[in-house]
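Trainee: Attaching a predicted model along with its sequence, questions to come.
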Amino acid sequence: MTEANQAPSDGAPQPKRGLLDIAPYVGGKSAIAGVAKPIKLSSNENALGAGEKAREAFAAAASSIHLYPDGRADRLRAVVAEAHGLEPERLIFGNGSDEVFALLNQTYLEAGDNIVTSQYAFVAYQISARACQAEVKLAAEPELRADVDAMLALVDERTKLVYLSNPANPTGSYATGEEIRRLHAGLPPHVILVIDEAYAEFVTEPDWESAFGLARTAPNIVVTRTFSKLHGLGGLRVGYGYAPLAVEQAIDRIRLPFNVSLPGIEAAIAAQGDEAHQRASRDLVAEWRPRLTQAIKGFGFEVFPASGNFILIRFPDAKRPASAAQDYLQAKGIIVRGVGSYGLPDCLRVTIGTEDQNRAFLDALSEFAAG
Ligand SMILES: Cc1ncc(COP(=O)(O)O)c(C=O)c1O
């Protein structure tokens, strides 16, 4: 128990037990003092921005923002279901996929329950689980990729949810279709397996599979996706989960009535239909991911295999540490993400940018490498 959480001596209101032990989420930095337009490669956003169609739909929504949105997002529901061949009634929309994780946790976790995820897992799952006074169990990732057997070994009768990002942030690794099936097969039926596919559209490896297919017939799999990455709508906060109907119906009882905004719904509908922008976004990543990887390795740094729209770089030389590289890049107006809070203090995570941004980043990093 922290000091802050001990019984109040002065009768002041106190958050519930354990809450003040949770470290607040820290997002990627977005500003550098004195730099008008920094190159922001710190939040895995879409370097191309939102597509023209989504921007137009967002602007057109201005005339309707005095109206409450459709609480069930029925038109967006139909468009997403059609795009992925899913049953519309099994979709849960959220204020970003972050909200879908929070809703799952609120719906299924009681104090003393636990979630299982892996060592470097995205922290959003963990924060909202701990807010439910649940324990977070982390399976070791010695190779910086989820280890299915280590995760299964942590599951017990109090485990309610198992979270796996596929691809994973910040490591950039992915689990194969075979690994996901093995993880699911090893879980007791009372445990929900949540597969977070926020970066799914950027994967090019042939042994990766979306878990939509497996989820179709399983009573305990939820697959989440987002409009924040491929579609470039991070600022609008639209994400969704594909769940068994019973899970969707349970969550729908506590979901805030209008949790996805009207402009968000309109822009997401347009974005889902904008195949040209989706293709351009995927192509940019597919072109620059190997180019950046090769160039950075050439500077003497380690780059982990990447399957999302970002790469993870390790700076093995203590004389030239990640923190110094981050400072050097920042002095050049480039913001990247330190991942010390994930337990990776010798690494930096860098979002794949536009061609100009990537070149500026490589120039600065090569200067840093040259000392
Ligand atoms: C692995 C992973 N899942 C989910 C999200 C959250 O996405 P959203 O913007 O839909 O809340 C992120 C955002 O960075 C992420 O990295």
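Mentor: Yes, it's here.
Trainee: How much space separates E52 from V203?
Mentor: 25 Å (C-beta to C-beta, to the nearest Å). Glycine gets a C-beta too; all of them are placed from N, C-alpha and C.
Trainee: Those two: which has the busier surroundings?
Mentor: Between E52 and V203, V203 has the larger neighbour count (other C-beta atoms under 10 Å), namely 21 against 12.
Trainee: Now that one: closest residue in space that isn't a chain neighbour?
Mentor: Take V203 and drop its neighbours on the chain: the residue closest to it by C-beta to C-beta, 6 or more residues apart in numbering is S307, 4.8 Å away.
Trainee: residues near the one you found, how many?
Mentor: There are 23 residues near S307, going by other C-beta under 10 Å.
Trainee: Is it in a helix, a strand, or coil?
Mentor: coil (DSSP: H, G, I helix; E, B strand; the rest coil).
Trainee: my guess is it meets E197, correct?
Mentor: No: counting by C-beta atoms under 8 Å, S307 does not reach E197; the two are 11.2 Å apart.
Trainee: Which residues of the stretch 151-300 of the chain lie near the ligand?
Mentor: Counting by C-beta under 6 Å from any ligand atom, the stretch 151-300 of the chain comes close to the ligand at S165, N169, D196, A198, T226, S228, G234, G239.
Trainee: Which of the helices or strands spans D356?
Mentor: helix 355-370 (DSSP states H and E).
Trainee: Could you list every helix and strand in contact with that helix?
Mentor: Contacts defined by 3 or more C-beta pairs under 8 Å, 6 or more residues apart in numbering; DSSP states H and E place helix 355-370 against strand 39-40, helix 275-298, helix 322-331, strand 334-335.
Trainee: Recalculate using a threshold of 10 Å.
Mentor: For helix 355-370, the elements it packs on are strand 39-40, helix 275-298, helix 322-331, strand 334-335, strand 344-351, judged by 3 or more C-beta pairs under 10 Å, 6 or more residues apart in numbering; DSSP states H and E.
Trainee: With mean neighbour count as extra columns, can I get the ones you listed in CSV?
Mentor: Output for these, formatted as CSV (neighbours: other C-beta atoms under 10 Å):
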stretch, mean neighbour count
strand 39-40, 22
helix 275-298, 16
helix 322-331, 17
strand 334-335, 22
strand 344-351, 22
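Trainee: Secondary structure class of the residue nearest in space to the middle of the chain, three-state.
Mentor: With distances taken as C-alpha atoms, centre = their mean, A198 lies nearest the centre of the chain, 5.3 Å away. With three-state DSSP as the basis, A198 sits in coil.
Trainee: okay, the nearest residue to it once chain neighbours are set aside: pLDDT?
Mentor: Excluding the flanking residues, the one nearest A198 by C-beta to C-beta, 6+ apart is T226, at 4.8 Å. Listed pLDDT for T226 reads 98.
Trainee: again with the one 10 residues further on
Mentor: pLDDT recorded at L236 is 98.
Trainee: Now name the helix or strand holding the residue lying closest to it once chain neighbours are set aside.
Mentor: Distances taken as C-beta to C-beta, 6+ apart place G264 nearest to L236, at 4.1 Å, with adjacent residues excluded. Using DSSP H and E, G264 falls within helix 262-272.
Trainee: counting contacts, what elements does that helix pack onto?
Mentor: Using 3+ C-beta pairs under 10 Å, 6+ apart, helix 262-272 is in contact with helix 52-60, helix 74-84, strand 91-94, strand 239-242, helix 275-298.
Trainee: show me where the stretch 51-200 of the chain has helices.
Mentor: Assigned helices in the stretch 51-200 of the chain, in chain order: 52-60, 74-84, 97-108, 123-131, 148-154, 177-185 (criterion: DSSP state H, counting those that start in this stretch).
Trainee: any residues touching the first one, and which ones?
Mentor: Spelled out, it's helix 52-60. The contact list for helix 52-60 (C-beta atoms under 10 Å, 6 or more residues apart in numbering) reads 49-51, 227, 231-233, 235-236, 263-277.
Trainee: tell me how far that helix is from the chain's mean position?
Mentor: Offset of helix 52-60 from its chain centre (C-alpha atoms, centre = their mean, to the nearest Å): 24 Å.
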